[in-house]
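J.: Coordinates only, no sequence provided:
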DNA sequence: CTAATAGGTAAGCGTACATTTACCTATCCA
DNA sequence: TGGATAGGTAAATGTACGCTTACCTATTAG
C-alpha cells in the first residue's frame, strides 16, 4: 500500500512518463511506436523502460495484438495518490473536484 | 511549471516525506525535534535533508522562533499534482472530491 | 525460410538521492 | 561567559535512476 503510493508518485515524477499518461488519456490506446513518435530525441529503449515503470505501477496496461503492443491507461488511476492528497489536504482538495463552480468573486 | 510538478511528485515519492506531510496536516506546526520523534531510527540529519526537499518544493514552510524551527504545510498544496491528475483522469478524479456522496448502490 | 518490422533486454555510464557520522551555528539560561 | 539545547551543513558511501548502444525475440509478409 505504502509501496504502491511510492510507485505511483515515483512513476509520475518523470516528465516523459507524465507525458505518456497524458497522451494515453487522449488516445485511449497506442502501440509503442506511435507513443515514441511524441518523443523525438528519446530512444525506443528509453521509452520501453519508462513503460515498464508505468506498468509496474499498474498505471498502464499492455495488450499484445499481432506484432504490436498497445498501451492504455491501467487500473491504478492514481488512487493511492488521491487518497494521500485527500488525507493531507482534506477540504482544500475540493479545488480538484468541480469544474462545476468555476470561480466566483 | 513542469519542473514544479516534478518537484512535488518527487518530494512525495519518499515515504518519510509523505509521513511528514501527514503529521503536519494534523499538528499544524511542529519543531524539527518533535517531527523527528515520529521517526525512530532516522537521524536528525536525514530529517533535516527531507525537510529541505519539502521546502524546495514549497510544500512546507519554516518559521524560526527562538531556538526552534517550526514547520508547517506550505503554499504548494500539491496544486500541480492535482492539475495533472485532473488533466489525465478527468471525471474519474471525482472519486476524490466528495465525502458528500459516500457511495450509493 | 528469410527479411523486415515492432519491441524488449542487457550492460555500462553518469548523475541524483538517502543516509550516516562528524562538525558547526544559534539561542537560551544560569 | 559558558554550557546545554535545537538544528543545519559537509563529506563520504551505497543505491537507484535515466539514458545510450548493442543485441535478442516475436510476428508478419514475400
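T.: Looks like it came in fine. Please read these numbers as outputs of a predicted model, since none were measured by experiment.
J.: so who does the spatially most central residue of chain A touch?
T.: By CA atoms, centre = their mean, chain A has its centre lying nearest to residue A:21, at 3.7 Å. Taking CB atoms under 8 Å, 6 or more residues apart in numbering or on different chains as the contact definition, residue A:21 lies against A:12, A:54, A:59-60, A:73, B:88. For every residue, glycine as well, the C-beta is placed using N, CA and C.
J.: what's the helix or strand for it?
T.: Assigned by DSSP states H and E, residue A:21 belongs to helix A:15-27.
J.: I'd like the next helix or strand past that helix.
T.: The helix or strand immediately downstream of helix A:15-27 is strand A:30-31, counting by DSSP H and E.
J.: contact partners of the helix or strand that comes right after that next one?
T.: Downstream of strand A:30-31, the next assigned helix or strand under DSSP H and E is helix A:32-37. Applying CB under 8 Å, 6+ apart, the contact partners of helix A:32-37 are A:20, A:23-24, A:27, A:42, A:44, A:47-48, A:51, A:68-69, A:71.
J.: Throw the residues you listed into TSV and include neighbour count and pLDDT, thanks.
T.: Shown next, in TSV, are those (neighbours: other CB atoms under 10 Å in any protein chain shown; pLDDT from 0 to 100):
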residue	neighbour count	pLDDT
A:20	26	98
A:23	17	98
A:24	21	97
A:27	13	88
A:42	12	96
A:44	12	97
A:47	20	98
A:48	13	98
A:51	20	98
A:68	14	97
A:69	16	98
A:71	23	98
